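fold the following for me, if possible:
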Amino acid sequence: MKSVFALAIGGTSLVWSGLAQAVEIEYWQYTYGSRVEAIDKLIESFEAANPGITVKHTHFPYADY
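Below is the predicted model of the structure:
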């Protein structure tokens with residue numbers, strides 16, 4: 001009985017892992033040199049810690065904010 005239960009749990013985890021897809025998050029902010037650089041470093045760390053998730057960093061002129 002335990003082996004049947006273990007097989008069922010293992011099969012379920014394989015199904016869920018097959019459903020995982022890559023995700024892209026888009027982050028917007030106004031252009032401010034040091035802030036853009038800081039966010040780029042944070043994004044790099046975030047992506048390293050969260051495989052399969054990428055962050056698109058979009059910035060625009062402050063006057064357009």
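
which residues of the protein fall in helices?
Using DSSP state H, the helices of the chain run over 2-19, 33-49.

looking at these, which has the lowest confidence?
The minimum mean pLDDT among the helices of the chain belongs to helix 2-19 (a mean of 52).

once you drop chain neighbours, what's closest to the residue at minimal distance from the centre of the chain?
With distances taken as C-alpha atoms, centre = their mean, the residue of the chain nearest its centroid is I53 (2.4 Å). Excluding the flanking residues, the one nearest I53 by C-beta to C-beta, 6 or more residues apart in numbering is V23, at 4.8 Å. All C-beta spots, glycine's among them, are computed from the backbone N, C-alpha and C.

tally up the residues packed near the spatially closest residue to V55 that is not a sequence neighbour, please.
Excluding its sequence neighbours, the residue lying closest to V55 (C-beta to C-beta, 6+ apart) is I43, at 4.5 Å. Residues lying near I43 (other C-beta atoms under 10 Å) number 16.

am I right that Y30 is in contact with T58?
No - Y30 lies out of contact with T58 (C-beta atoms under 8 Å); the separation is 10.4 Å.

ok, the two, which is more surrounded?
A count of neighbours by other C-beta under 10 Å puts Y30 above the other of Y30 and T58, at 13 against 8.

quick one: E37 and V23, what's the gap?
As judged by C-beta to C-beta, to the nearest Å, E37 and V23 stand 24 Å apart.

roughly how far does the residue nearest to I53 sit from P61?
Going from V23 to P61 by C-beta to C-beta gives 28 Å.

one more: Y27?
For Y27 relative to P61 (C-beta to C-beta), the value is 16 Å.

now swap in T31 and tell me
6 Å.

between those two, which one's more packed in?
Neighbour count, other C-beta under 10 Å: between T31 and P61, T31 has more, with 13 against 8.

and the more buried one, its phi and psi?
Phi and psi for T31, reported as degrees, to the nearest 10, are phi -80, psi 120.

how about the closest residue in space to it that isn't next to it in sequence, what does it touch?
Leaving aside its sequence neighbours, T31 sits nearest to H59 (C-beta to C-beta, 6+ apart; 4.6 Å). Shown in contact with H59 (C-beta atoms under 8 Å, 6 or more residues apart in numbering): W28, Q29, Y30, T31, V36.
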